[in-house]
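# I need the structure of the sequence given here:
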Amino acid sequence: MPHPLDNPIWSALTNEQAHLAHGNGLARRFPCEISPLTSLEAPPLKPWPRSREIMPAGELTIFPEANPEFSSDSQIIELNSMPQMVYVHEEVPPTSIDFI
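Model (predicted):
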């Protein structure tokens, strides 16, 4: 079983925030009014012709953990990386903030 942070957006959209997800078994996204983040369950092996099913025309979407190939009717505006912060120590430090 993969770790949730291996594909964090997919993990969010298939677990606690699944009720917000738009999409299907291969790709899901947050509603445009919440976030442009989109995720694939796994990177496609060939151009993905069904991209329009979750990407409305004219909407911006961001794939933080993948660089998928899309059908010719989609336009890639910018390719960039999105760093992920990882805590590498075994023990979690105590927090001074009380959570309600």
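# could you list the low-pLDDT ranges of the chain?
43-53, 65-73, 97-100 (pLDDT under 70).
# in it, which spans are strands?
Ranges of strands in the chain, per DSSP state E, are 22-23, 27-29, 38-40.
# what sits up against the shortest one?
Counting contacts by C-beta atoms under 8 Å, 6 or more residues apart in numbering, the residues outside strand 22-23 that touch it are 13, 28-31, 38, 53-54. For glycine as for every other residue, the C-beta is placed from the backbone atoms N, C-alpha and C.
# and that strand, which strands flank it?
strand 27-29 (antiparallel) (DSSP bridges).
# where do the helices of this structure begin and end?
8-13 (DSSP state H).
# if we can go back for a sec, identify whichever of the strands of the chain lies nearest to V92.
strand 38-40 (26.1 Å; C-beta to C-beta).
# elements contacting that closest one?
helix 8-13, strand 27-29 (3 or more C-beta pairs under 8 Å, 6 or more residues apart in numbering; DSSP states H and E).
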